[in-house]
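Undergrad: Any chance you could fold what I've pasted below:
(one chain, ligands or ions: 1)
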Amino acid sequence: MDTYTLFFTASLIGIGLYWFLFVLGSAEQKGKHVVHLSSGSISAEKVLDNYNQYSSFFRRPKEILETAEDKVPAFVDTFYNLVTDIYEWGWGQSFHFSPSIPGKSHREATRLHEEMVVHLLGSKPGDRVLDAGCGVGGPMRAIAAHSGSNVVGITINEYQVKRARIHNKKAGLDGLCQVITGNFLSMPFDNDSFDAAYSIEATCHAPKLEEVYAEIFRVLKPGGMYVSYEWVTTELYDNGDEDQVEIVQGIERGDALPGLRSYRDIAEIARKVGFEVVKEKDLAKPPAKPWWSRLKMGKVAYWRNHILVTVLSWIGIAPQGTVDVHEMLCKTAVYLTKGGETGIFTPMYMILCRKPESSVNSS
Ligand SMILES: C[S@@+](CC[C@H](N)C(=O)[O-])C[C@H]1O[C@@H](n2cnc3c(N)ncnc32)[C@H](O)[C@@H]1O
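TA: Residues are numbered from 1 along each chain as shown. So this is what the prediction gives:
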C-alpha cells in the first residue's frame with residue numbers, strides 16, 4: 001500500500017469512528033455523545049443493581065399506592081439517574097412530547113409547545129415562575145427566553161440539576177434560570193412566593209396528584225396562574241380491555257409512574273386543593289398532529305442506538321446495565337406509540353388554573 005492510500009484509508013477510518021462514537025444518535029448537534037453516557041449520580045458498578053431494584057419496584061405500579069407510596073420519589077430519582085443521559089443523547093434537553101407540526105423540526109415543535117406556557121400564564125419580565133419537575137431545563141430556558149421571567153426549577157434528581165446548570169450557563173440564561181434539587185411534594189419555598197407556576201409531564205410521577213397540586217397552590221401568590229401538561233388515560237380507555245390495560249401498564253412501568261390517572265380526575269383534584277379551573281383541553285386531539293410520530297419514525301434509530309450502547313457497554317465505556325435501561329426505554333416507546341395511536345393515552349392533557357385572589361394559605 002503506498003503512502004497516499006494508507007493516509008486515505010486511515011482518514012476514512014478516523015472519520016467513520018468519530019461519526020460512530022460522537023455523532024450517531026445524538027438528538028441535538030451539541031447534545032450528549034454516546035461515549036459520555038453515565039448513569040447520573042449512580043456509580044458505574046451499581047447501575048445494573050439499581051436498574052433491577054427499579055424494575056422490581058415498578059412491576060405492578062397500581063399496587064405501589066397501597067404498599068409503598070412513600071418510596072416513590074426515591075425510585076423516581078433512581079429512574080432519572082438511569083435515563084437522563086440516554087434521554088439527552090437520543091431526545092434532547094426537553095423531556096416531553098409535543099404535537100408534530102408539518103414543515104417544522106421536532107426541536108421547533110418542542111419550543112412552540114413550551115412557549116404556549118408563557119401565553120397561558122401571561123408571564124412577563126420580572127415575574128417569578130416555578131417549574132415543578134424541571135428535568136435538565138429545556139422548557140425553562142425556552143420559557144425564560146420567551147417571557148423574560150425568572151424561572152426557578154425544582155427536580156428530585158441532583159444529576160439533572162448539574163446538567164441544567166451547565167446548559168443554563170451555556171445558553172447565557174443563568175441570570176434568569178435557577179435550579180434546585182428537591183421534592184415537589186414538599187418544596188423549600190415560602191407561601192405566596194411565585195407569580196405563576198407550570199409543570200410539564202412531571203406531576204404524573206406524584207403518587208397523589210392532590211399533594212403536588214396543594215404544594216404548588218401554597219407557593220403561588222393569590223391570583224397566580226398554574227398550567228400543567230398531564231399524562232392521563234382518555235375517555236377511550238376501557239380498563240376491562242386486556243390489550244389496553246397492557247399498554248397502560250407498559251407506559252407506567254417504563255416511565256416510573258405510580259399509576260396513570262384518568263383525564264376526568266385532573267380538574268376535580270385542582271378544585272379540591274382550592275384552584276379555580278380556567279381551562280382544560282387535551283392538546284393531542286386533532287387538528288393537532290401525532291405527538292408519537294417522533295417515537296415511531298425513530299424505530300430504526302432505536303435499533304442502531306441499541307447496537308451502539310451494547311458495543312460500548314461490552315468494551316466497558318458505558319456502565320453495565322445501560323443496555324437493560326435502553327431496552328426498557330425501547331419497549332416503553334412501543335407502548336407509548338400504541339397509547340397514542342389508539343387514543344387511550346395522552347401526555348398533554350392541559351389544565352390551566354388560578355389561585356383565587358381571596359385565598360389564604362392554611363399552613
Ligand atoms: C418527564 S420529566 C419532564 C422534565 C421537564 N418538565 C421537561 O419537560 O423537560 C419529569 C421530571 O419530573 C421530576 N420529578 C418527578 N418526581 C418529582 C418529585 N417528587 N419532586 C421533584 N421533581 C420530580 C423528574 O426529576 C423529572 O425532572
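
Undergrad: which residues in the stretch 201-350 of the chain form strands?
TA: With strands called from DSSP state E, counting those that start in this stretch, the stretch 201-350 of the chain shows them at 220-233, 261-262, 276-282, 345-354.

Undergrad: Reformat those strands as a markdown table; add distance to the ligand, mean neighbour count and mean pLDDT.
TA: In short, each C-beta sits where N, CA and C put it, glycine included. Below are the strands of the stretch 201-350 of the chain laid out as a markdown table (distance: least, Cβ to the nearest ligand atom, whole Å; neighbours: other Cβ atoms under 10 Å; pLDDT from 0 to 100):
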| stretch | distance to the ligand | mean neighbour count | mean pLDDT |
| --- | --- | --- | --- |
| strand 220-233 | 8 | 22 | 98 |
| strand 261-262 | 15 | 16 | 98 |
| strand 276-282 | 18 | 14 | 98 |
| strand 345-354 | 9 | 23 | 98 |
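
Undergrad: who wins for proximity to Val129 among those strands?
TA: strand 220-233 (9.3 Å; Cβ to Cβ).

Undergrad: For stretch 85-94, measure first residue to last.
TA: 12 Å (Cα to Cα, to the nearest Å).

Undergrad: Mind checking the pLDDT average for stretch 100-120?
TA: Stretch 100-120 carries an average pLDDT of 96.

Undergrad: coming back round to it: present the strands of the stretch 201-350 of the chain as TSV; the columns should include distance to Asp192.
TA: Shown next, in TSV, are those (distance: least, Cβ to Cβ, whole Å):
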stretch	distance to Asp192
strand 220-233	5
strand 261-262	28
strand 276-282	16
strand 345-354	14
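
Undergrad: Phe97 is nearest to which of those strands?
TA: strand 345-354 (4.7 Å).

Undergrad: so how far is that closest one off the chain centroid?
TA: 15 Å (Cα atoms, centre = their mean, to the nearest Å).

Undergrad: quick check: angle from it to strand 276-282?
TA: Angle, strand 345-354 to strand 276-282, by axes from the mean of the first three to the mean of the last three Cα atoms, to 10 degrees: 160 degrees.

Undergrad: what are the pairing partners of strand 345-354, and which direction each?
TA: According to DSSP bridges, strand 345-354 forms sheet pairs with strand 220-233 (antiparallel), strand 276-282 (antiparallel).

Undergrad: how distant is the first one from the center of its chain?
TA: Between the centre of strand 220-233 and the centre of its chain there are 16 Å (Cα atoms, centre = their mean).

Undergrad: Glu246: which of the strands of the stretch 201-350 of the chain is closest?
TA: Nearest of the strands of the stretch 201-350 of the chain (Cβ to Cβ): strand 345-354, 12.2 Å.

Undergrad: Can I get the closest one as PDB, trimmed to CA atoms?
TA: What follows is strand 345-354, C-alpha atoms only, in PDB (Å, rounded to 0.1, in the frame of the first residue of the first chain):
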ATOM      1  CA  PHE A 345     -53.500   7.900  26.400                       C
ATOM      2  CA  THR A 346     -52.300  11.500  26.100                       C
ATOM      3  CA  PRO A 347     -49.200  13.100  27.600                       C
ATOM      4  CA  MET A 348     -50.600  16.600  27.100                       C
ATOM      5  CA  TYR A 349     -53.800  17.000  28.900                       C
ATOM      6  CA  MET A 350     -53.600  20.700  29.700                       C
ATOM      7  CA  ILE A 351     -55.100  22.200  32.700                       C
ATOM      8  CA  LEU A 352     -55.000  26.000  33.400                       C
ATOM      9  CA  CYS A 353     -55.800  27.100  37.000                       C
ATOM     10  CA  ARG A 354     -55.900  30.300  39.100                       C
END
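
Undergrad: contacting residues around Arg294?
TA: Arg294 is in contact with 97, 100, 106, counting by Cβ atoms under 8 Å, 6 or more residues apart in numbering.

Undergrad: Looking at those, which is nearest the ligand?
TA: Of all these, the ligand sits closest to Phe97, with 9.0 Å by Cβ to the nearest ligand atom.
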